[in-house]
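K.L.:
below is the sequence, then the predicted model.
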Amino acid sequence: MHARPASLSRTKNKFDPDRFIREEQLRNSGVLDPSNFQVVFGFGRRKCLGQHLADSGFFNLITSVLYVYNIELPLDEDGRPMKIDHEQCHGSLSYPKNFSCVLKPRSEEAIALIRSSSPTKDPMTTIGQA
């Protein structure tokens, strides 16, 4: 590599890390497409065959929760919403640090839907319990 300066850059005296970005990784605007970089499912020929099934299942799960619940911050002693720490855990995957939230059914219809789709006797009393 060091014997061939052309392999380091398109110009002889300038390092260019963008040389590794292929055209198919760019969107029309020239910005990297993040959908090509999902570490969880692997890369290339050996990426997970169930990626699209998992994406669809996760989408259905999230939309179902958002359909029947309002997600709110818990209240402090003064009745004001608590603050969330926006710090993240970093590593192979980035994710927010744990925080508390309150799930409240949106309506009586939502409660009926939750009860009809739950295998437990009364899901409204077991939410959040381990």
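P.N.:
That came through, no problem.
K.L.:
could you check the top helix by length along the chain and say which residues are buried?
P.N.:
Longest helix of the chain, by residue count under DSSP state H: helix 51-68. Within helix 51-68, the residues that count as buried by 16 or more other C-beta atoms under 10 Å are V68. (Glycine included, C-beta is placed from N, CA and C.)
K.L.:
and the contacts of it?
P.N.:
38, 41, 48, 71, 103, 105-106, 110, 113-114 (C-beta atoms under 8 Å, 6 or more residues apart in numbering).
K.L.:
what mean pLDDT does that helix get?
P.N.:
For helix 51-68, mean pLDDT is 93.
K.L.:
go on, stretch 86-99?
P.N.:
Mean pLDDT, stretch 86-99: 81.
K.L.:
straight-line length of it, end to end?
P.N.:
9 Å (C-alpha to C-alpha, to the nearest Å).
K.L.:
so which residues of this protein form strands?
P.N.:
69-72, 88-89, 95-96, 102-105 (DSSP state E).
K.L.:
which residue ranges of the protein form helices?
P.N.:
Under DSSP H, the chain gives helices at 51-68, 108-117, 123-126.
K.L.:
let's see stretch 104-120 as CSV, backbone CA atoms only.
P.N.:
Provided in CSV are the C-alpha atoms of stretch 104-120 (Å, rounded to 0.1, in the frame of the first residue of the first chain):
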residue,chain,number,x,y,z
LYS,A,104,-51.6,4.6,29.3
PRO,A,105,-54.3,3.1,27.1
ARG,A,106,-55.7,5.7,24.6
SER,A,107,-59.4,4.9,25.1
GLU,A,108,-61.9,2.3,26.2
GLU,A,109,-61.7,0.8,22.7
ALA,A,110,-57.9,0.4,23.2
ILE,A,111,-58.4,-1.3,26.5
ALA,A,112,-60.8,-3.8,24.9
LEU,A,113,-58.3,-4.4,22.1
ILE,A,114,-55.5,-5.0,24.6
ARG,A,115,-57.6,-7.4,26.7
SER,A,116,-58.8,-9.3,23.6
SER,A,117,-55.3,-9.9,22.3
SER,A,118,-53.6,-10.8,25.5
PRO,A,119,-53.0,-14.3,26.8
THR,A,120,-53.1,-13.2,30.4
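K.L.:
nothing else from me, thank you.
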